[in-house]
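Student: fold the following for me, if possible:
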Amino acid sequence: MKAIVQDTYGSADVLRLDDVPSPAFGANDVLVRVHAAGVDPGVWHLMTGRPYLVRALGFGLRAPKVRVRGRDLSGVVEAVGSAVTRVAVGEEVFGTCESGSFAELAVAREARLAHKPAALTFEQAATVPISGVTALQAVRDVARVSPGQRVLVIGAGGGVGSFAVQIAVAYGASVTGVCSAANADLVRSLGAGDVIDYAVAEIDAHGPVYDAVIDTAGNRPLSVLRRALAPEGVAAIVGGEAGTGSVLGGFERQLAAPLFSIRGGQKLRPVTAKETAVDLEVLVELIGSGAVTPAVGRVYPLAEAPLAIRDNHAGHAHGKSVVTVVAD
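Tutor: Numbers count the residues shown, from 1 in each chain. Next up is the predicted model:
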């Protein structure tokens, strides 16, 4: 099969389109013929092996354990393991995989797949698993957003942020999005009642008024987040893309967040998302009701996956980027 592979850590230059063996699968696994794959910041971390925390977490100390990049996917079930009961050959599914989704075939655990909503294209569905589940868990489980609250979403025009805006609105909140001027119309169309252009004003421009802050951008000190929070507010810290440290990168903010919660009523909490079929089904319901619509950004062919990763890391996202896989 065709796949985007790498043998060493490095920039997107280490990636290449190559012929590789089809992945083996076990009793609880599903072999998926990939139609589309999402591009998220995690792809860059696993490609570069930076920060070094990524390597220490078991992804490979000197070289990537998994040669094929990508985790989000949508496609059609090609084969199933002997213990699989929820999906069948020929069904359309979406979810996450560990074998690499920038490929014609990928292996996913049944517990990390759901049936693709018929109303979604494969490209739309591929944006949902990682970004949608992360946003859902940040809004619902960490920030615990409830009706009538004021919510600030930082990075509202990106993959996680675009879902967080819609989910918070679906939960009855009044949402302000922080984004570039180029993404302002998109963010308003997702349901944000107000938009802050980060090039013009800081996130605390309206004072400490937000019951919840969903920070997906990762480039502000925790003290700045606190200045935007109401006295009993909660900040959900997603990722750490803007950090420059070689060991922890920007993830030191997540490690430090609980220390800022020791005194006072404000809570700063890291978001450690886990993709599950249960939460994919929650998103299927939100999509089916019309409350959530995936914001697909630029679509790249498989051969241009390295460019997709470069653009995403450079902050050029308008919605979530997608790689399409053209199978034989």
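Student: can you list the residue ranges for helices in this structure?
Tutor: 41-48, 53-54, 122-126, 129-136, 159-170, 184-189, 222-228, 252-256, 277-289, 305-313 (DSSP state H).
Student: quick one: which of the ones you listed is nearest residue 81?
Tutor: Closest approach to residue 81 among the helices of the chain (CB to CB): helix 277-289, 15.2 Å. In short, each C-beta sits where N, CA and C put it, glycine included.
Student: what packs against that closest one?
Tutor: Using 3 or more CB pairs under 8 Å, 6 or more residues apart in numbering; DSSP states H and E, the elements in contact with helix 277-289 are strand 92-96, strand 113-115, helix 129-136, helix 159-170.
Student: identify, out of these, the most deeply packed stretch.
Tutor: Across the helices and strands packed on helix 277-289, the average number of neighbours (mean count of other CB atoms under 10 Å) peaks for helix 159-170, which reaches a mean of 29.
Student: tilt between that one and helix 41-48?
Tutor: For helix 159-170 against helix 41-48, the angle by axes from the mean of the first three to the mean of the last three CA atoms, to 10 degrees is 160 degrees.
Student: pLDDT of helix 159-170, averaged?
Tutor: Averaged over helix 159-170, pLDDT sits at 97.
Student: just how off-centre is it within its chain?
Tutor: Here helix 159-170 is found 11 Å from its chain centre; the criterion is CA atoms, centre = their mean, to the nearest Å.
Student: using CSV, write out every CA atom in that helix.
Tutor: Extracted C-alpha coordinates of helix 159-170, given in CSV (Å, rounded to 0.1, in the frame of the first residue of the first chain):
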residue,chain,number,x,y,z
GLY,A,159,-9.2,22.3,14.8
VAL,A,160,-9.9,21.9,18.5
GLY,A,161,-11.1,25.6,18.9
SER,A,162,-13.7,25.4,16.1
PHE,A,163,-15.3,22.4,17.8
ALA,A,164,-15.0,24.0,21.3
VAL,A,165,-17.0,27.0,20.2
GLN,A,166,-19.8,24.9,18.8
ILE,A,167,-19.9,22.5,21.7
ALA,A,168,-19.9,25.3,24.3
VAL,A,169,-22.8,27.0,22.4
ALA,A,170,-24.7,23.7,22.3
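Student: one step back: single out the most deeply packed of the helices of the chain.
Tutor: When those are compared using mean count of other CB under 10 Å, helix 159-170 is most buried, at a mean of 29.
Student: which helices and strands does that helix pack with?
Tutor: helix 129-136, strand 150-154, strand 174-179, helix 184-189, strand 210-215, helix 277-289, strand 320-324.
Student: before we move on, the earlier item: distance to residue 198 added to the helices of the chain, as CSV?
Tutor: As requested, the helices of the chain are exported to CSV (distance: least, CB to CB, whole Å):
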stretch, distance to residue 198
helix 41-48, 18
helix 53-54, 27
helix 122-126, 27
helix 129-136, 19
helix 159-170, 12
helix 184-189, 11
helix 222-228, 11
helix 252-256, 17
helix 277-289, 27
helix 305-313, 18
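Student: quick revisit: I'd like the helices and strands packed on helix 159-170 as a markdown table, with mean pLDDT and distance to residue 4 appended.
Tutor: Output for the helices and strands packed on helix 159-170, formatted as a markdown table (pLDDT from 0 to 100; distance: least, CB to CB, whole Å):
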| stretch | mean pLDDT | distance to residue 4 |
| --- | --- | --- |
| helix 129-136 | 97 | 17 |
| strand 150-154 | 98 | 30 |
| strand 174-179 | 97 | 29 |
| helix 184-189 | 97 | 28 |
| strand 210-215 | 97 | 30 |
| helix 277-289 | 97 | 24 |
| strand 320-324 | 96 | 8 |
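Student: residue 301: which of those is closest?
Tutor: Ranking the helices and strands packed on helix 159-170 by proximity to residue 301 (CB to CB) places strand 320-324 first, at 5.9 Å.
Student: by how many degrees do that closest one and helix 159-170 diverge?
Tutor: Going by the same axes, to 10 degrees, strand 320-324 makes 120 degrees with helix 159-170.
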